[in-house]
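Engineer: The following block contains a protein sequence and its predicted model.
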Amino acid sequence: MIPDLGNYALILALLLAFAQSGFSLTGAARGNVVFMGAGTSAAVGQFLFTGIAFLCLGYSFYANDFSVLYVASNSNSALPLQYRLAAIWGGHEGSMLLWTMTLALWTFAVTIFSRNLPQVFRARLIGTMGLVTIGFLTFILFTSNPFERLIPAVLDGRDLNPLLQDPGMVFHPPVLYMGYVGFSVAFGFAIAALLGGELTPEWARWTRPWTTVAWMFLTVGIAFGSKWAYYELGWGGWWFWDAVENASFMPWLVGTALIHSLAVTEKRDAFKLWTVLLAIIAFSLSLLGTFLVRSGVLTSVHAFATDPRRGLFILCLLMLVIGGALILFAIRAPRVGLGGKFGMVSRESFLLTNNVIMVAAAGSVMLGTLYPLFVDALGMGKISVGPPYFDTVFVPVVMPAIFLMGLAIFARWKNSDLKELLAKLKWAFVASVLMAVLIPVMMGHWRPLVSVGLLGSLWIFTTALISLRDRLKRRTEGLASHLIHMSRAYLGMIVAHIGVAVFIVGVTLVKGYEVEQDLRMAPGDVAEVGGYAFRFDEMRQEVGANYTSAVGHFSVTRHGSPVTVLEPEKRIYVVQNSPMTEAAISAGLVNDLYVSLGEPLSDQAWAVRIYIKPFVQWIWAGCLLMAAGGFLALLDPRYRRKVRGDAAEGQV
Amino acid sequence: MKPMLKFLFPLAVLVVLLGFFAVGLKLDPREVPSPLVNKPAPKFHLPKLGNPSEFVTTDDMLGKVWLLNVWASWCSACREEHPLLVEMSRRGEVPLVGLDYKDTDPEGQAVLSEGGNPYSVVATDADGRVGIDYGVYGVPETYVIDKAGIIRYKQIGPITEEALREKIMPLVKGL
């Protein structure tokens, strides 16, 4: 009963999506106010019915309705409730429903928070998002219906993949999708502007908060995924350059370029075409990511069951959405002027350079991700591209961007004096170089790459601090009240940039100084790793809700004084009889102690992996700071102003 | 016209990408070409299913184009493929040799008496040694072997009608 309701709700949502784009776009074309209003109402209806379908699927999981094929394949009555609900997006069909649900949520948010936009523009925006919705709802209904019945019903389900039975599964996909799909709003803004043929600074100001929110979600979502891989996969890595990770990273890079480019368009009425193109590309890369994951053209740990029919459908969808957008771009672009002019040394030129670098970085990631496909398609054999490629290509590409990040915050719009800039920042540079050389020496041994990484990080940090000091010097009120009244956009930028610095510290130090040991240990053995003594005390058996577990007990001491107790587990999930490693991690500001169990080697001894990961938490802390910076920028009052004010401060 | 061309550039990039994806959809990234293709088929000398005193050897097949199908009673995908093999053997276009992999005689024979026997002869590889020589990593697998005893093609997983029609039979006929 409930699953059938869900199915009908999806069909109704599709019809409403047709109404949403049909009414909105015709209404906008003819200036028909009634039609445009109807389009908006249809969008709200589409959101409600997609929501009902989503809840119906959730209920089927809650009630263990194994007459639904998707529930039977991805759940089990012994599965704890939170994972039964997370199992909604544990497979292909449900992931697609989550995708559409997220799109509906963003559409709904647009109908609520864009009341102050010109009506025609708003109708075009909602109509464009409706077109994307039509594509995805059709895809779900015709190739991937989560409500398909299993007759006769089975007594119990095949269970959720044990790898996914983790709190990460509850948060990572929805947050990531909020980011991924959120770029559809920026895309809608770009298409609406191209349809109208007008690209104004107002347009950029309207687009900015939406893009920033999506970017924040994407940042946090990727960080979540990385952290999850770190503790769940049991080998202590935090980024694997896996095809699907790359699929989320490419829109992030382009999205980062987009939020900066939007700033220039808003402040200086420049980069207009570039900004629109970035908005199209960011969402196109989200769609591309969906295609890569769902079609099975690339192998990845994230790929679920694949079906060429689905791949073909998404390919056609890509062609229509991205192709249509780019054709519109080619037609309308010549009409859009280039906007404000700027000199070689100016904030604009630095931002443009960094934009190009971000896009080039995304391009290099894309090349590496798709290269196996290209080679295979040309019949030149099978190859795989791994971390060595990405590490060697990506890092040098983004290096100059890090240097320019420091310069750009001091450069003035339009025209800046290079000499003055250099004079101002020479001490910051000297200090950064000195510290970058000294810190690795203090940490035990000097490595060139560590110094390079630290240099980038310290440079961002010192320049951000100098910039903050300059601003505070100009203050006329008390320090605290000045900080409060300081432009949120500026503070957000500083916080986000410091986030990048913190992130680089984490990446550099964990790469440079991690200690990894694979050992054979029996109870009573003590291993000395990186100055810590790990004593394997005992092994005990435990029984969980849907698994049995062997739990190791390790006491960690340093110079004889106890530090912590770590209990890594080796679980066997009963239904699928699959083993799972649960690493034990003691996280700290400067060090993570990481123990994970391998295979039992005899009745007593186990293969044990002990890792010391210096500063690894800084990686995720840096991401959170970047997102926090985005949040601060959102609080800037100018986004809530209806008419453009006159006192916009000169910052990004 | 000229500025317009510049703005068509992103579209051109998209078209090239989509072209690759369209081709890529037809390819299976998990399909790894067997290193044994175009190499001599490993020789074996194995007891015959149903009559262990007789032996099946690769030498018997020299001078013929033949298929070697690796199967087992415990493999459900083999059952899926079985009716197609029976139908193929009825047409009698190519001799099909079975390799009963890591299986027991009674169970192997039970499958053949239930579903019909498509094989001209079945060799039993109870300990799986020959399977290792052939690089079997999942049952069923099927090898096309030419008159000189060279492996010309390896089908991983069950033979589908499509694979039979478009790959295996044209290859067999051409040899």
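Structural biologist: Here it is on my side, so go on.
Engineer: show me where chain B has helices.
Structural biologist: Counting by DSSP state H, chain B has helices at residues B:2-26, B:76-91, B:105-115, B:129-133, B:161-163, B:169-174.
Engineer: Show me which residues of stretch A:231-240 are buried.
Structural biologist: A:231-234, A:236, A:238-240 (16 or more other CB atoms under 10 Å in any protein chain shown). To be clear about C-beta, it is placed using only N, CA and C from the backbone, and glycine gets the same treatment.
Engineer: Reformat those as CSV; add pLDDT and distance to chain B.
Structural biologist: Converted to CSV, the buried residues of stretch A:231-240 look like this (pLDDT from 0 to 100; distance: CB to the nearest CB, whole Å):
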residue, pLDDT, distance to chain B
A:231, 87, 28
A:232, 83, 23
A:233, 77, 20
A:234, 70, 23
A:236, 79, 27
A:238, 88, 25
A:239, 89, 21
A:240, 86, 17
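Engineer: in chain B, which residue is closest to the centre?
Structural biologist: Most central in chain B under CA atoms, centre = their mean is residue B:142, positioned 2.2 Å from the mean C-alpha point.
Engineer: Beta-bridge partners for that one, please?
Structural biologist: residue B:69, residue B:155 (DSSP bridges).
Engineer: Go ahead and confirm it touches residue B:70.
Structural biologist: Yes - between residue B:142 and residue B:70 there is a contact under CB atoms under 8 Å: 7.2 Å.
Engineer: Low-confidence ranges, chain B, go.
Structural biologist: Applying pLDDT under 70 to chain B flags residues B:1-4, B:28-34.
Engineer: how about 80 then?
Structural biologist: For chain B, the stretches with pLDDT under 80 are B:1-5, B:24-36, B:74-77, B:80, B:136-138, B:156-157, B:175.
Engineer: rewinding a little: how about TSV for the buried residues of stretch A:231-240, with secondary structure added?
Structural biologist: Listed next are the buried residues of stretch A:231-240 as TSV, based on DSSP: H, G, I helix; E, B strand; the rest coil:
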residue	secondary structure
A:231	helix
A:232	helix
A:233	coil
A:234	coil
A:236	coil
A:238	coil
A:239	coil
A:240	coil
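Engineer: Between all of those, which two are separated the most?
Structural biologist: Largest separation among those by CB to CB: A:234 and A:239, giving 15.4 Å.
Engineer: picking up where we left off before, which one of the buried residues of stretch A:231-240 is nearest to residue A:325?
Structural biologist: Nearest to residue A:325, judged by CB to CB, of those is residue A:239 at 30.3 Å.
Engineer: give the contact list for the closest one.
Structural biologist: Neighbour list for residue A:239: A:226, A:229, A:245 [criterion: CB atoms under 8 Å, 6 or more residues apart in numbering or on different chains].
Engineer: Distance of the second one relative to residue B:89?
Structural biologist: According to CB to CB, to the nearest Å, residue A:229 and residue B:89 sit 49 Å apart.
Engineer: neighbour-wise, which of these two wins?
Structural biologist: Taking neighbours as other CB atoms under 10 Å in any protein chain shown, residue A:229 and residue B:89 compare with residue A:229 leading, 21 against 18.
Engineer: Show me what counts as buried in the helix or strand containing that one.
Structural biologist: Residue A:229 is part of helix A:201-232, with elements assigned from DSSP states H and E. Residues of helix A:201-232 classed as buried by neighbour count (16+ other CB under 10 Å): A:201, A:203-232.
Engineer: Residue A:384: neighbouring residues, count only.
Structural biologist: Using other CB under 10 Å, residue A:384 is surrounded by 12 other residues.
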